[in-house]
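Engineer: Fold the following.
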Amino acid sequence: MPIYEPGLEELVERNVRAGRLTFTTSYREALDGTEFAFIAVGTPSGVDGEADLRHVAASARSIAEHMRSPLIIVNKSTVPVGTGDWLAEIVCSHQTEPIPFSVVSCPEFLREGSAISDFTQPHRTVLGSLDAEAAEKVAHLHLALRAPIVITDLRTAEMIKYASNAFLATKISFINEIANICEELGADVKEVAVGMGYDKRIGPNFLDAGWVTAVLVFLKT
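Structural biologist: Residues are numbered from 1 along each chain as shown. Got it, this is the predicted structure:
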């Protein structure tokens, strides 16, 4: 595997041997008879902090140029709010012939080092689309994960991802500020965090002082 994630290599090998997983660099081959196409490419931050959507755009163009039957395009990449509408415009403008398609936003909530368990045991699955039928079909794909499914419009789904990231970063920033105060007053921030975490409205997660985080939220309009 070109990347390391605990259990990933074994998971890929098992499913390749079982014939459930294949790889190709050909969009034409991959889209032949396909009902769903997932976009899961990187969106690294640019020099000004804004998400680099070049890979998303390139994927959308290639899908448009090679699709030959109705398709549901599912975006897994972390993207600014409004990207789903922009993606649909790219597909429309690059199709060689008019073919029906729908765009569904399905943001990922994975952590490095825990991606497999986060995927197979999610807290929830978020889906957003202007096509309710397409969203329901993607929801059906996720039923086996036995997690709550939230279905919204495109922009709301994209905003849920950014709002979740921002809230978690807020908790980390908050406990770091509390740590500074504890240091001045002679209190133990670890015990403070434990005491706070017993409150179900707060919870114990992401209250580990010392984490460094920075979150930039860009809303694409």
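
Engineer: for this protein, which spans come out with low pLDDT?
Structural biologist: 211-221 (pLDDT under 70).

Engineer: for it, what spans make up the helices?
Structural biologist: Under the criterion DSSP state H, the chain contains helices at 8-17, 27-31, 54-66, 83-94, 115-120, 132-141, 154-185, 189-197.

Engineer: Which of these sits closest to Phe101?
Structural biologist: helix 83-94 (6.1 Å; Cβ to Cβ). C-beta: built from backbone N, CA, C; applies to glycine.

Engineer: quick one, phi/psi of Gln121?
Structural biologist: phi -130, psi 60 (degrees, to the nearest 10).

Engineer: What residues does it make contact with?
Structural biologist: Contact analysis of Gln121 by Cβ atoms under 8 Å, 6 or more residues apart in numbering lists 145, 147.

Engineer: now the one 3 residues further on
Structural biologist: Applying Cβ under 8 Å, 6+ apart, we find Arg124 in contact with 147-150.

Engineer: Skipping its backbone neighbours, what lies nearest it in space?
Structural biologist: Spatial nearest neighbour of Arg124, excluding adjacent residues (Cβ to Cβ, 6 or more residues apart in numbering): Pro148 at 4.5 Å.

Engineer: To what extent is the one you found buried, counted in neighbours?
Structural biologist: Number of residues near Pro148 (other Cβ atoms under 10 Å) recorded here: 10.

Engineer: now the spatially most central residue of the chain: how far from Gly7?
Structural biologist: Nearest residue to the geometric centre of the chain (Cα atoms, centre = their mean): Glu108, 2.3 Å. Distance, Glu108 to Gly7, using Cβ to Cβ, to the nearest Å: 17 Å.

Engineer: ok, and what's touching stretch 199-210?
Structural biologist: 168, 171-172, 175-176, 178-179, 189-190, 193-194, 196-198.

Engineer: And the residue nearest to Arg124, its phi and psi?
Structural biologist: phi -60, psi 140.

Engineer: That one touches Val126, doesn't it?
Structural biologist: No. Pro148 is not in contact with Val126 according to Cβ atoms under 8 Å; the separation is 9.5 Å.

Engineer: Send me stretch 3-16 as PDB with only the CA atoms.
Structural biologist: Taking Å, rounded to 0.1, in the frame of the first residue of the first chain, the C-alpha atoms of stretch 3-16 are listed here in PDB:
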ATOM      1  CA  ILE A   3       0.000   4.700   2.700                       C
ATOM      2  CA  TYR A   4       0.000   3.200   6.100                       C
ATOM      3  CA  GLU A   5      -3.100   2.800   8.200                       C
ATOM      4  CA  PRO A   6      -3.300   0.000  10.800                       C
ATOM      5  CA  GLY A   7      -5.100  -3.000   9.300                       C
ATOM      6  CA  LEU A   8      -5.400  -1.400   5.800                       C
ATOM      7  CA  GLU A   9      -3.100  -3.700   3.900                       C
ATOM      8  CA  GLU A  10      -4.700  -6.800   5.300                       C
ATOM      9  CA  LEU A  11      -8.200  -5.400   4.500                       C
ATOM     10  CA  VAL A  12      -7.200  -4.600   0.900                       C
ATOM     11  CA  GLU A  13      -5.500  -8.000   0.300                       C
ATOM     12  CA  ARG A  14      -8.500  -9.900   1.700                       C
ATOM     13  CA  ASN A  15     -11.000  -8.100  -0.500                       C
ATOM     14  CA  VAL A  16      -8.800  -8.300  -3.600                       C
END
